[in-house]
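Peer 1: sharing a sequence plus its predicted fold:
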Amino acid sequence: MRDPDFRRLFAATALGQLGDRVIFLALPLVAIAALDAGEFQVGLLTAMTTAGSLLVGLPAGAWVDRMRKRSVMVGADFVRALVLLTIPVAWWLDLLTIWWLCAAALVHGVLTVFFDVAYVSYLPHLVGRGNLVEGNSKLSAIRSVTSISGPAVAGPLIGWVGAPVTLVASSAGMAMSGLIAIGIRKRERKPEPSASERPRLGRDIKEGLKFVLKRPVLRAVMLGDAIFNLFLIMYQTMLLVFLERRIGLESFGIGLILSGMGCGALLGALVAAGVSRRIGQGRVIWLASLVTCPLTVLMPLARPGWSLYVAAIGLAALSLGGVVRFVAQASLQQALTPDRLLGRMSATARFVSWGGIPLGGVLGGASGSVFGSAATLWIGAAGMTVSALPAFLSPLRTMRELPEGKDAEPVR
């Protein structure tokens with residue numbers, strides 16, 4: 001935190017994530033409350049939000065590796081701000097439909113892919129490889145703080161001015177994030193390929209895939225993430241529907257539940273580095289999921305009253321375990337990857353890990369329509385728990401320290 005450039009990245013992250021957390025609550029509530037969307041339409045909206053990982057997941061890494069990461073982050077922030085601003089404008093003009101929402105969510109999601117790939121690739125350059133765990137922990141901490149404050153602010157704001165207008169706050173957060181990131185002084189050199197290695201998209205994508213898929217540790221992390229994210233999105237797609245229609249919560253109450261999840265995420269960020277040191281950076285990746293994911297079954301068992309508060313604690317535990325796991329595996333992936341492949345590693349990991357998220361949104365909506373929101377929460381809880389298996393069955397089961405030597409070298 002004594003590094004002024006890291007402080008700027010920290011502040012930009014805080015504002016961008018605050019905008020994202022408002023979107024997380026406001027966008028589905030625009031569909032549910034303002035447009036009276038059905039369960040399947042809510043699932044389709046969720047799918048569009050994350051479809052960018054499938055559409056541009058792999059080429060994004062190759063493109064980002066040819067550009068300055070900071071410039072990609074700034075550009076993505078500004079364009080996302082404009083896209084979000086179209087939703088309240090369309091609402092004011094009485095033009096807003098579920099298809100408009102889906103289109104805005106899709107464009108926003110594609111831009112988020114580019115931002116996230118650049119962001120993950122930029123951190124080792126900014127803080128150095130020896131500080132990755134600390135850097136990831138601090139950035140996870142601020143993301144967790146915004147997970148608390150975002151829904152806590154968004155809930156009352158939605159109740160006061162309505163979900164569409166609340167998205168103006170998200171747009172402003174994205175724009176301010178981009179403005180602060182412009183001030184980061186530590187610049188990268190623009191990657192310059194040698195004359196004998198002219199950029200070729202197909203070859204670059206293949207090299208990134210080969211690097212990731214030939215390493216058992218990275219494969220296990222990605223497969224576990226893919227399973228977890230698929231069922232998490234199924235769960236989250238019906239969570240707001242369950243809370244609003246089965247429990248009878250209004251936007252303020254839903255915001256409090258999501259803020260509780262943010263509290264768990266903040267605690268996870270604070271303890272992540274210490275837990276990794278004590279348990280081992282490899283073992284904590286599967287243990288975090290195995291211990292916390294089963295607690296999510298408390299939500300479909302909940303009813304208005306004390307059982308809902310207990311279920312909210314289970315969601316907070318899920319967030320705690322998720323952040324501990326994220327810090328450990330993100331630091332592992334960054335440490336194992338050469339600088340020139342960071343963008344492609346990040347994009348490949350995102351493509352594999354997040355590729356099933358749109359499917360999860362559609363399956364969540366379809367399951368909610370057929371079986372109901374409570375049954376879908378049960379399915380999601382079971383699937384998230386199973387996601388610990390790939391890491392448990394890999395070298396991560398006993399790994400305490402990062403691999404060294406040939407495992408950190410690129411594969412050609």
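Peer 2: On my side now, so go ahead.
Peer 1: CA only for contacts and neighbour counts going forward, please
Peer 2: Fine.
Peer 1: nearest spatial neighbour of residue 46, skipping sequence neighbours?
Peer 2: residue 361 (5.1 Å; CA to CA, 6 or more residues apart in numbering).
Peer 1: dump whatever helix or strand the one you found lives in to CSV, restricted to CA.
Peer 2: Using DSSP states H and E, residue 361 sits within helix 357-371. This file holds the C-alpha atoms of helix 357-371, laid out as CSV (Å, rounded to 0.1, in the frame of the first residue of the first chain):
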residue,chain,number,x,y,z
ILE,A,357,-21.7,-20.0,-16.7
PRO,A,358,-24.1,-19.0,-19.5
LEU,A,359,-25.3,-22.7,-19.5
GLY,A,360,-25.7,-22.4,-15.8
GLY,A,361,-27.9,-19.4,-16.2
VAL,A,362,-30.1,-21.1,-18.7
LEU,A,363,-30.2,-24.3,-16.7
GLY,A,364,-31.0,-22.4,-13.6
GLY,A,365,-33.9,-20.6,-15.3
ALA,A,366,-35.2,-23.9,-16.9
SER,A,367,-34.9,-25.8,-13.6
GLY,A,368,-36.7,-22.9,-11.7
SER,A,369,-39.5,-23.0,-14.3
VAL,A,370,-39.9,-26.8,-14.0
PHE,A,371,-38.9,-27.7,-10.4
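Peer 1: now do that helix: which elements does it pack against?
Peer 2: Secondary-structure packing of helix 357-371 (3 or more CA pairs under 8 Å, 6 or more residues apart in numbering; DSSP states H and E): helix 39-50, helix 216-241, helix 373-386.
Peer 1: identify each buried residue in that helix, please.
Peer 2: 357-369 (16 or more other CA atoms under 10 Å).
Peer 1: ok, so of those residues, who is nearest residue 326?
Peer 2: Set against residue 326, the nearest of the buried residues of helix 357-371 by CA to CA is residue 357 (16.9 Å).
Peer 1: check contacts around the nearest residue to the closest one once chain neighbours are set aside.
Peer 2: Of all residues not flanking residue 357 in the chain, residue 230 sits nearest, at 5.0 Å (CA to CA, 6+ apart). Residues near residue 230 by CA atoms under 8 Å, 6 or more residues apart in numbering: 354, 356, 357, 359, 360, 361.
Peer 1: and the fourth one, what does it touch?
Peer 2: The one in question is residue 359. Here residue 359 is in contact with 47, 230 (criterion: CA under 8 Å, 6+ apart).
Peer 1: residue 248 versus that one, what's the distance?
Peer 2: 28 Å (CA to CA, to the nearest Å).
Peer 1: circling back to that earlier point, so the residue nearest to residue 46 makes contact with residue 47?
Peer 2: Yes. Applying CA atoms under 8 Å, one finds residue 361 in contact with residue 47, separated by 4.7 Å.
Peer 1: what about residue 134, how many residues nearby?
Peer 2: Residue 134 has 15 neighbours, counted by other CA atoms under 10 Å.
Peer 1: cool, residue 186 as well?
Peer 2: Neighbour tally, residue 186, other CA under 10 Å: 12.
Peer 1: correct me, but it touches residue 126?
Peer 2: Yes. Residue 186 lies in contact with residue 126 (CA under 8 Å); the separation is 7.1 Å.
Peer 1: next, show the common contact partners of these two.
Peer 2: In contact with both residue 186 and residue 126: residue 5, using CA under 8 Å, 6+ apart.
Peer 1: so residue 48 touches residue 99, yeah?
Peer 2: No. Between residue 48 and residue 99 there is no contact under CA under 8 Å: 10.1 Å.
Peer 1: so between these two, which is more surrounded?
Peer 2: residue 48 (25 against 12).
Peer 1: can you map out the helices along the stretch 251-400 of the chain?
Peer 2: Counting by DSSP state H, counting those that start in this stretch, the stretch 251-400 of the chain has these helices, from start to end: 251-279, 283-292, 306-336, 342-354, 357-371, 373-386, 389-392.
Peer 1: pLDDT-wise, which helix or strand of this protein ranks last?
Peer 2: Sorting the helices and strands of the chain by mean pLDDT, DSSP states H and E puts helix 132-161 at the bottom, at a mean of 67.
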